[in-house]
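Chemist: Task: produce atomic coordinates for the following.
(2 chains)
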Amino acid sequence: MALHFELVSPEKLVFSGEVTQVDLPGAEGDFGVLEGHAPLVTTLRPGIMTVYAGGNAQRIVVLGGFAEVSDKGLTVLADTADAVKDFDRAVIAARIAELEQQATKLEQGNELDKIITRLDHFKEVDRHLTGTAAH
Amino acid sequence: MASLKDMRVRIAATKATQKITKAMQMVAASKLRRAQAAAEAARPYAERMDIALGNIASGMAGAEGAPKLLTGTGSDKVHLLIVATGERGLAGAFNSSIVRLAREHISRLQSEGKTVKILTVGKKGYEQLRRNFEKLIVDRTELRGVRTLGYVNASQIAEKVTAMFEKGEFDVATLFYAQFKSVISQVPTAQQIIPPKFDASKPAAALAPYEYEPEEEEILGDLLPRYVATQIFRALLENNASFYGAQMSAMDNATRNAGDMIRKQTITYNRTRQAMITKELIEIISGAEAL
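Modeler: A predicted model of the protein is given here:
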């Protein structure tokens, strides 16, 4: 119960404190970080991360970013970090529309593949959020 | 000699000006508070980013195939200067001090035979640089319509810059902005962002062997454009705070000057009025004596 966790977005320090566990959407799959995790640097894909502290789980939407685990704890540099309940779905919808437009313009190749992967990530987040709203 | 009525009108005009500068000072003060808070809130991200990138970069130092954004193109022929200024004037020497620093840089680089390209952010810098260096300005961004500076604004600029870099349009990028020290002190700063210069004085934290996921190159490829955006974002926020700080002290000065002028004008007005009364009295008395 003493993983030092810092969540920073470009605008502000969103969270800093001790938590039990954090689940993150890594670029190559989801992973959880507990105290004593091996040093790790990874990029994040757009997704939802879960922070466990004091028996509560808080879900936060991150739209891409970067995570670093060192002996000092876990630092997440997120492009956007908003609690699921405060998150504005219009942002996601706008990004999806934008990416879809880009995708139609491109020739086949690496660039298109990248955009399609990103599109999938956003759609997954969107689905997830719609799912939570229904509960 | 101006008539008494003219003088009354002038005093009223000075008082009106003083009211405006006073109001502007108060508006700048309240905006400064917000801008300063925003600049301070953005610091942790930039600092963490610095540390993380520094760590990875030192691990990569000398390795082949390190991204060009990190190591540079190997030459320094073409320089891109990103000059960030304010959108408005009436802020003392704020805009011109940034422009002056940029101008000194440009002349130095040109005398060394380097090619200079300029990208301006903010209307004032564009207007001032256009006079001498119209041909060097490759692009400009205005943030006039932006109410609160967001990361998006910075990342749009950063995208342009990285796209230019990838096309090989420049070798070195330097960012010009005013660093916010306090209300009375804003320091024009030039900071090289491509390739980034890390603070070598800071001892690299005992390097734990990191695991990278995905590979280092890929992470750096993702991280470096973000680093550029973060630096630009920080510069914009610092600039914003500096602008309001400079405007606040400029307007404070203006208000005080207007106060001095009102005092002087009132004294002249009263003297003239008394002189006229005396003159009238003399006329009446000498008229009465003549009878």
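
Chemist: what bits of chain A have low per-residue confidence?
Modeler: A:1, A:131-135 (pLDDT under 70).

Chemist: can you pull the contacts of residue B:31?
Modeler: residue B:244 (Cβ atoms under 8 Å, 6 or more residues apart in numbering or on different chains). (Each C-beta comes from the backbone N, C-alpha and C, glycine too.)

Chemist: show me where chain A has strands.
Modeler: A:3-8, A:13-19, A:21-26, A:29-33, A:40-44, A:47-53, A:56-62, A:65-70, A:73-78, A:81-83 (DSSP state E).

Chemist: any chance of the ones you listed in JSON lines, with distance to chain B and mean neighbour count too?
Modeler: JSON lines is the format used below for these (distance: least, Cβ to the nearest Cβ, whole Å; neighbours: other Cβ atoms under 10 Å in any protein chain shown):
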{"stretch": "strand A:3-8", "distance to chain B": "4", "mean neighbour count": "20"}
{"stretch": "strand A:13-19", "distance to chain B": "4", "mean neighbour count": "16"}
{"stretch": "strand A:21-26", "distance to chain B": "6", "mean neighbour count": "21"}
{"stretch": "strand A:29-33", "distance to chain B": "8", "mean neighbour count": "14"}
{"stretch": "strand A:40-44", "distance to chain B": "4", "mean neighbour count": "21"}
{"stretch": "strand A:47-53", "distance to chain B": "15", "mean neighbour count": "20"}
{"stretch": "strand A:56-62", "distance to chain B": "13", "mean neighbour count": "18"}
{"stretch": "strand A:65-70", "distance to chain B": "5", "mean neighbour count": "24"}
{"stretch": "strand A:73-78", "distance to chain B": "6", "mean neighbour count": "24"}
{"stretch": "strand A:81-83", "distance to chain B": "11", "mean neighbour count": "17"}
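
Chemist: closest one to residue B:168 among the ones you listed?
Modeler: strand A:40-44 (25.8 Å; Cβ to Cβ).

Chemist: Can I get that closest one as PDB, trimmed to CA atoms?
Modeler: In PDB, the C-alpha atoms belonging to strand A:40-44 read as follows (Å, rounded to 0.1, in the frame of the first residue of the first chain):
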ATOM      1  CA  LEU A  40       9.800   0.400 -16.800                       C
ATOM      2  CA  VAL A  41       9.200   3.100 -19.400                       C
ATOM      3  CA  THR A  42       6.300   2.700 -21.800                       C
ATOM      4  CA  THR A  43       4.000   4.700 -24.000                       C
ATOM      5  CA  LEU A  44       0.200   4.600 -23.400                       C
END
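
Chemist: That strand versus strand A:29-33: what angle between them?
Modeler: Strand A:40-44 runs at 130 degrees relative to strand A:29-33, counting by axes from the mean of the first three to the mean of the last three Cα atoms, to 10 degrees.

Chemist: what inclination does strand A:40-44 have with respect to strand A:65-70?
Modeler: 170 degrees.

Chemist: which helices and strands does strand A:40-44 pack with?
Modeler: Packed against strand A:40-44, as judged by 3 or more Cβ pairs under 8 Å, 6 or more residues apart in numbering or on different chains; DSSP states H and E, are the following elements: strand A:21-26, strand A:65-70, strand B:211-213, helix B:216-290.

Chemist: Done for today, thanks.
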